[in-house]
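K.L.:
curious how this folds, go ahead:
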Amino acid sequence: MKRRTFLAAAAAMTTALALSGAQAQDKKFITMDSFPAGSTPGQFSIAFTQIVQKHLPIEIQVSVGKPATKSAVDASQQKVDLFLTAPTINQFMQTKTAMFAKVENAPELNSNLRNILNYNLGPYHIVVYEDSGIKSLNDFKGKKVFLGPPAGAATKVATQIMEAATDLVPGEDYEVMRYDWQSAETAFLDRQMDVYIAPTTLPSPSVQQFALVSPIRILGIPEHAWDKPSMKAALGLPGRTIQDIPAGTYDNQANKEDVRTIGSWVGLGTHKWMDEETVYNITRALWENIAELHATAAWMKGINKDTLFHESNIPLHIGAYRYYKEAGFDVPEDQIPPEAK
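P.N.:
So this is what the prediction gives:
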């Protein structure tokens, strides 16, 4: 009797494992580069992944830590399926400028990239703790400053802001802290540096957690800096806007007046070789369940039919384009993929 019971249990387990294996084989696995959970891209990636995995037999394996420039190159070489695309990075790749100046095949790599949708990343937050005594960008002298990850597009913007607003020389007048995004958040929370600069949504969970530790001050770009060549260069790139951060956006925010800074747009991107049906299905799943995305965070309500193509400067993926055409979206001519022409 015991032997028969054991054999029956073993048979049931074998059947369960076989079914589990079959289900795993039926499920499609794709990879995605993202950012820390408290960041704008991190919040979007979590919500997007949950929607796709809830409504489709797809599992998205998410990794964080890379700068967006590295993710763009990796996607262009089919090393990752989904990534944070940025119009500015696409421009740098297409024109072989900035961090891509010495990358001979940068335009070719850029031509391999495709978009699915764009959204507002948010304004550049220049954050200090109120007890640091820092009241303006000129007060960074002798301080430890995080401008962004090494070789990152956001780092270039922060450097352009500092160049326009001050006479301080990075590496000489202040120490440039070299972290990835997640490590930088931890370092600022632990008071291992004095200034944290990052583009992020309003309000930002990352910035709010700083304010929970100690009162913060958010610095703006001074009026005289907006006419400087470096600032005009920053704003002259695709995906860049002027945006205000209102006073009172965060609990424990010391400044009582709105501050003006640079805003930025990014998107969900892929590469041209990504399976058409897969991209079609994940695009459809997102838009047919857009209420779930909007319920995740107030800022995500800004992702809608009126904004999803805003500031994009690479073609849509053929799968996304197919869905948008079927669903009646008005696709701009310059975003129609070459595969559809």
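K.L.:
who does P170 bridge with?
P.N.:
According to DSSP bridges, the partner residues bridging P170 are Y174.
K.L.:
tell me the pLDDT at it?
P.N.:
P170 is assigned a predicted lDDT (pLDDT) of 96.
K.L.:
all the helices of the chain, residue numbers only.
P.N.:
Chain-ordered helices for the chain, with DSSP state H as the definition, fall at 2-26, 40-55, 68-76, 87-95, 106-111, 153-165, 181-189, 205-213, 229-235, 276-288, 290-294, 318-326.
K.L.:
of all those helices, which lies closest to D131?
P.N.:
Proximity of the helices of the chain to D131 was assessed by Cβ to Cβ; the nearest stretch is helix 205-213, lying at 10.8 Å. Every residue, glycine included, has its C-beta placed from N, CA and C.
K.L.:
how about that closest one, which residues are buried there?
P.N.:
205-208, 210-211 (16 or more other Cβ atoms under 10 Å).
K.L.:
what angle do that helix and helix 181-189 make?
P.N.:
In terms of direction (axes from the mean of the first three to the mean of the last three Cα atoms, to 10 degrees), helix 205-213 departs from helix 181-189 by 20 degrees.
K.L.:
ok, G122 touching S264?
P.N.:
Yes: G122 is in contact with S264 according to Cβ atoms under 8 Å; the separation is 7.0 Å.
K.L.:
which outside residues touch stretch 100-116?
P.N.:
69, 72-73, 75-77, 82, 85, 90, 92-96, 267-274, 279, 282-283, 312, 314-318, 320, 335, 337 (Cβ atoms under 8 Å, 6 or more residues apart in numbering).
K.L.:
now the longest strand seen in the chain: average pLDDT?
P.N.:
In the chain, taking DSSP state E as the definition, the longest strand is strand 113-129. Model confidence over strand 113-129, given as mean pLDDT, is 97.
K.L.:
kindly report the same for stretch 263-280.
P.N.:
97.
K.L.:
what residues of that stretch count as buried?
P.N.:
263-272, 274, 278-280.
K.L.:
which of these sits closest to V169?
P.N.:
S264 (24.8 Å).
K.L.:
quickly list what that closest one is bridged to.
P.N.:
G122, R240.
K.L.:
state the pLDDT value of the residue nearest the centre of the chain.
P.N.:
Nearest to the mean C-alpha position of the chain, by Cα atoms, centre = their mean, lies P41 at 3.6 Å. Listed pLDDT for P41 reads 91.
K.L.:
with adjacent residues omitted, what lies nearest to it?
P.N.:
F35 (4.2 Å; Cβ to Cβ, 6 or more residues apart in numbering).
K.L.:
what count of nearby residues applies to that neighbour?
P.N.:
Under the neighbour criterion other Cβ atoms under 10 Å, F35 is assigned a count of 28.
K.L.:
which phi and psi values does it adopt?
P.N.:
Listed backbone geometry of F35 is phi -130, psi 170, with angles given as degrees, to the nearest 10.
K.L.:
what's the pLDDT at it?
P.N.:
89.
K.L.:
that one contacts I46, doesn't it?
P.N.:
No: in this structure, F35 is not within contact of I46 by Cβ under 8 Å, at 10.4 Å.
K.L.:
next up, the contacts around S136.
P.N.:
For S136, counting by Cβ under 8 Å, 6+ apart, the contacting residues are 219, 222.
K.L.:
6 Å instead, please
P.N.:
By Cβ atoms under 6 Å, 6 or more residues apart in numbering, S136 lies in contact with nothing.
K.L.:
go on, W287?
P.N.:
Listed by Cβ under 6 Å, 6+ apart, the contact set of W287 is empty.
K.L.:
what pLDDT does K232 get?
P.N.:
K232 carries a pLDDT score of 95 in this model.
K.L.:
burial count for it?
P.N.:
Under the neighbour criterion other Cβ under 10 Å, K232 is assigned a count of 12.
K.L.:
swap in K341?
P.N.:
The number of residues near K341, taken as other Cβ under 10 Å, comes to 6.
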